[in-house]
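A.B. asks: just need the structure, nothing else, for what follows:
(2 chains)
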Amino acid sequence: MIEVISRPHARNLVRWAQDKPEVIVLSADLTGSCEADDFQKAFPDRFFSMGMAEQNMMGFAAGLAREGFFPFVHTFAVFLYRRPYDQLAMSVAYPNLPVRLLGFLPGLISPGGVTHQAIEDIAVLRALPNMTILECGDATEVESVLDLAQGVHGPVYVRMLRGEVPRLFSPDEPLRLGEARVLTRGTDVTILSSGICTEEALRATASLRGRGVSITHLHVSTLKPFTDTTIVETAASARYGVITLENHSILGGLGTATAEAMAEAGLQQKLVRLGLKDTFAHGGSRPYLMKQYGLDALSLVGAVEQLLGASFNLTEADLASIRLDTVHPRSNVEAL
Amino acid sequence: MALNTPHKPTLSDRWQDEARRVARGVRLRVLGHTLKNNGGYLSQACSSAEILATLYTGVMKLGPSQAPPVPLPFPGSPGPHTPQCFTGALYNGPRAPDLDRFLFSPAHYALPLYATLIEVGRLAPEALDQFNQDGSTVEMIGAEHSPGMETTTGSLSQALSQAGGVALARRLRGETGRVWVFMSDGELQEGQTWEAFAALIFYKLDNLGVYVDANGQQCDGRTETVMGVEPIRERLEAFGARVVEVDGHNPDSLAAAAATHPRGQGQPLVVLGRTDPCRGIELLRSRAPKLHYLRLKNDEERKAYQEAFARLQQEVR
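C.D. replies: Here you go, the predicted model:
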């Protein structure tokens, strides 16, 4: 049965930063909400409350980074790029400073409504030179993303998860830069999912395989640079087409990056992009929002049916009953 | 207003003479350049000449320039594939725990800054031949590859927050050197400036000092008609800064504010230099209140400015 980890970042940040005195945490009045409170207690001299002033926080982070510190900026994803975009662009990204931007509650995860929903962050930041963009899909990725970010010479934006986070991937298989996880291999369709959508996709793919659909499923965590050749290779081998599923607008995120990669490689495959269809959302529960805006398992089933010209008569109840286990992608690619 | 702040003879006369010479040289160079290029940020030179001159001759503790006198061409923007990038901060000397740092905020004051660097011997006069030329780092609105600049702050008000980060880092490291910021008063309209002051004061960063060129001018005209920022001193004091309001054309007063600033009391310093945007070039006054950028309209005007240049040249000699 799938394991659920409570507040994985809170504990992991303290453990990870223990022997790294140059790591500093900045927070904009969302310290507990971004699981930086344990760090604040453990290392009060390395924690700086910057108040509700994100533009200034970007500048302070930049100044600290210029002096050899590694600022880990904690706030909700939406407040890292919308309000302080100019500061992020000119004070942090232009000088290519090693500022680590940990954005919590990306996409529709937030119950806070449209003001709190970062739905175009990847699109905006993919267009910003020097940015590296990562997205966590489970507890293992939350626990391994700090090492990965710290290895990047330049600013890194991370779509983080908080609270009760499922462990989909074995702790022995940490996040790797620029490497998608191949969860299953098949010949009919290639599905690329990211972030929390991968858990949804796993429910759909398990049901679809039961109906005889042969699926390649990739979990993508590095959204920029988007250079993993596995993506184009698996897209090329999909008989009926490719589907992307992301907790983001279909404009500028995983779907767009995949389309660009496929077009540049000259692939003829059809592509279906699932995600927010150029619309804002509103406040509501995560299951409601994912269903309403077509980011859930059933939406993915619908897209597969569309590509195959088939109908599987799967219901929400069928998908909800799927039992998920931790995935061991590298040790056993075919099994789930 | 404290335009007539009494002379405080706390520092030797030698550097004062030097500061005044540098300031005159800045006006002359910027005017000469404006004539040659049929346009330029002249009023900024008129207002800030003494502040910049005083910072470089009587306030900042800097080592010798580490950069070539004639600037290198644009090396590309910083990034993973441009290891050849360099910083304009090299013109302000090496980094060392006991040396000061300088962050220059209003990047459109680039020409007065380059002229200052030339006058204090950190930049070759020929550097101005590259001003605004394609492929050059001597840009019209400079960035962090431009001489004397450490940050990219053409989008105004971003330097102060970055200076706060630098000052905080230096305090964490126990460094004694200070961090100086040069700002224009128009930048007080940006919300980020106030966010920054709140944080500087919250973290008691008394190793940071700000020189404000309060010339009361901005792109659209007089600041008081565009969006009021007064009373600047009272506003900043209410935030908790230590504000010293001085005649921004008086090197003595400008330098004394820094020399007498107490460390250890947790207050960042703001030196509010009240300045005249036409100081030294009376002819410019006819353009008021639109002083942001001078473009010469016709031959008659060009002739008048050439005569002003000749007069200024005499004064400098």
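
A.B. asks: helices of the stretch 51-200 of chain B, start to end?
C.D. replies: In the stretch 51-200 of chain B, helices defined by DSSP state H, counting those that start in this stretch lie at B:110-119, B:159-173, B:191-202, listed in chain order.

A.B. asks: including mean pLDDT, distance to B:L269 and mean neighbour count, could those go into CSV?
C.D. replies: Glycine gets a C-beta too; all of them are placed from N, C-alpha and C. Shown next, in CSV, are those (pLDDT from 0 to 100; distance: least, C-beta to C-beta, whole Å; neighbours: other C-beta atoms under 10 Å in any protein chain shown):
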stretch, mean pLDDT, distance to B:L269, mean neighbour count
helix B:110-119, 98, 21, 27
helix B:159-173, 98, 11, 26
helix B:191-202, 98, 10, 22
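
A.B. asks: for B:P83, find the nearest of the ones you listed.
C.D. replies: helix B:159-173 (22.5 Å; C-beta to C-beta).

A.B. asks: up against chain B, what does the stretch 101-250 of chain A have?
C.D. replies: In this structure, the stretch 101-250 of chain A approaches chain B at residues A:129-130, A:153-154, judged by C-beta under 8 Å from any C-beta of the partner chain.

A.B. asks: how about the residues of chain B by chain A?
C.D. replies: Counting by C-beta under 8 Å from any C-beta, chain B sits next to chain A at B:77-80, B:143-144, B:150-155, B:158-170, B:172-173, B:191-192, B:195-196, B:198-199, B:202-203.

A.B. asks: most centrally placed residue in chain A?
C.D. replies: The C-alpha lying nearest the average C-alpha coordinate of chain A belongs to A:E135 (C-alpha atoms, centre = their mean; 2.5 Å).

A.B. asks: residues touching it, list them.
C.D. replies: A:106, A:122, A:158-159, A:194-195, A:220-221, A:223 (C-beta atoms under 8 Å, 6 or more residues apart in numbering or on different chains).

A.B. asks: repeat for B:I51
C.D. replies: Applying C-beta under 8 Å, 6+ apart, the residues near B:I51 are B:182, B:211, B:213, B:248, B:254, B:273, B:275.

A.B. asks: 10 Å - rerun?
C.D. replies: For B:I51, the contact set (C-beta atoms under 10 Å, 6 or more residues apart in numbering or on different chains) comprises B:19, B:23, B:59, B:112, B:116, B:182, B:211-215, B:246, B:248-249, B:251, B:254, B:271, B:273, B:275.

A.B. asks: equivalent analysis for A:D86, please.
C.D. replies: Applying C-beta under 10 Å, 6+ apart to A:D86 gives the contacts A:55, A:58, B:155, B:157-158, B:192.

A.B. asks: just the buried ones from those residues, in PyMOL syntax?
C.D. replies: In PyMOL, this line selects whichever of the contacts of A:D86 come out buried by 16 or more other C-beta atoms under 10 Å in any protein chain shown:
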select buried, (chain A and resi 55+58) or (chain B and resi 157+158+192)
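
A.B. asks: what's the closest of the contacts of A:D86 to A:M262?
C.D. replies: A:M58 (34.6 Å).

A.B. asks: mind telling me what element the closest one is part of?
C.D. replies: helix A:54-66 (DSSP states H and E).

A.B. asks: try A:W16
C.D. replies: Taking DSSP H and E as the criterion, A:W16 maps to helix A:8-17.

A.B. asks: that helix close to chain B?
C.D. replies: No: using C-beta under 10 Å from any C-beta of the partner chain, helix A:8-17 stays clear of chain B, coming no nearer than 15.0 Å.

A.B. asks: buried residues in stretch A:8-18, which are they?
C.D. replies: For stretch A:8-18, burial by neighbour count (16+ other C-beta under 10 Å) applies to A:8-10, A:12-14, A:16-17.

A.B. asks: may I see these arranged in CSV, with pLDDT as well?
C.D. replies: As requested, the buried residues of stretch A:8-18 are exported to CSV (pLDDT from 0 to 100):
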residue, pLDDT
A:P8, 97
A:H9, 98
A:A10, 98
A:N12, 98
A:L13, 98
A:V14, 98
A:W16, 98
A:A17, 98
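
A.B. asks: tell me the contacts of B:Y114?
C.D. replies: B:Y114 neighbours (C-beta under 10 Å, 6+ apart): B:26, B:29-30, B:33, B:71, B:88, B:91, B:122-123, B:125, B:127-128, B:130-131, B:138-139, B:142, B:146-149.

A.B. asks: then A:S27?
C.D. replies: Contacts of A:S27 (C-beta under 10 Å, 6+ apart): A:33-34, A:36-37, A:39-40, A:47-51, A:57, A:72-75, A:102.

A.B. asks: mind giving me the PyMOL select for those residues, buried ones only?
C.D. replies: Filtering the contacts of A:S27 down to the buried ones (16+ other C-beta under 10 Å) takes a single PyMOL command:
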select buried, chain A and resi 33+34+36+37+39+40+47+48+49+50+57+72+73+74+75+102
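
A.B. asks: how about low-confidence regions in chain A?
C.D. replies: The model of chain A has pLDDT under 70 over residues A:328-336.

A.B. asks: ok, now the stretch 1-150 of chain B?
C.D. replies: B:1-13.

A.B. asks: re earlier: same for the helix holding A:W16, what does it pack against?
C.D. replies: The elements that helix A:8-17 packs onto, with contact taken as 3 or more C-beta pairs under 10 Å, 6 or more residues apart in numbering or on different chains; DSSP states H and E, are strand A:23-27, helix A:37-42, strand A:70-76, strand A:100-104, helix A:139-150, strand A:164-167.

A.B. asks: skip ahead from the longest one and say which helix or strand is next.
C.D. replies: It refers to helix A:139-150. From helix A:139-150, the next helix or strand downstream (DSSP H and E) is strand A:156-160.

A.B. asks: from the residues of the stretch 101-250 of chain A next to chain B, which two are the most distant?
C.D. replies: So, those by C-beta to C-beta: farthest apart are A:P129 and A:H153, at 13.8 Å.

A.B. asks: between these two, which contacts overlap?
C.D. replies: Common neighbours of A:P129 and A:H153 (C-beta under 10 Å, 6+ apart) are A:96, B:79.

A.B. asks: quick check: the gap between B:F74 and chain A.
C.D. replies: Using C-beta to the nearest C-beta, to the nearest Å, B:F74 is found at 14 Å from chain A.

A.B. asks: enumerate every residue touching the closest residue to B:L123 other than its chain neighbours.
C.D. replies: What sits nearest to B:L123 in space, not counting adjacent residues and going by C-beta to C-beta, 6 or more residues apart in numbering or on different chains, is B:L117, at 3.8 Å. For B:L117, the contacting residues are B:22, B:26, B:52, B:56, B:65, B:67, B:69, B:71, B:88, B:91-92, B:123-124, B:127, B:147-148, by C-beta under 10 Å, 6+ apart.

A.B. asks: how about A:R211?
C.D. replies: Taking C-beta under 10 Å, 6+ apart, we find A:R211 in contact with A:301, A:304-305, A:308, A:310-314.

A.B. asks: same thing but at 6 Å, please
C.D. replies: A:F312 (C-beta atoms under 6 Å, 6 or more residues apart in numbering or on different chains).

A.B. asks: try B:R29
C.D. replies: So B:R29 contacts B:A115 (C-beta under 6 Å, 6+ apart).

A.B. asks: could you check the angle whichever helix or strand it is part of makes with helix B:110-119?
C.D. replies: In the assignment (DSSP H and E), B:R29 maps to helix B:13-37. Relative orientation of helix B:13-37 versus helix B:110-119 (axes from the mean of the first three to the mean of the last three C-alpha atoms, to 10 degrees): 130 degrees.

A.B. asks: alright, that wraps it up for me.
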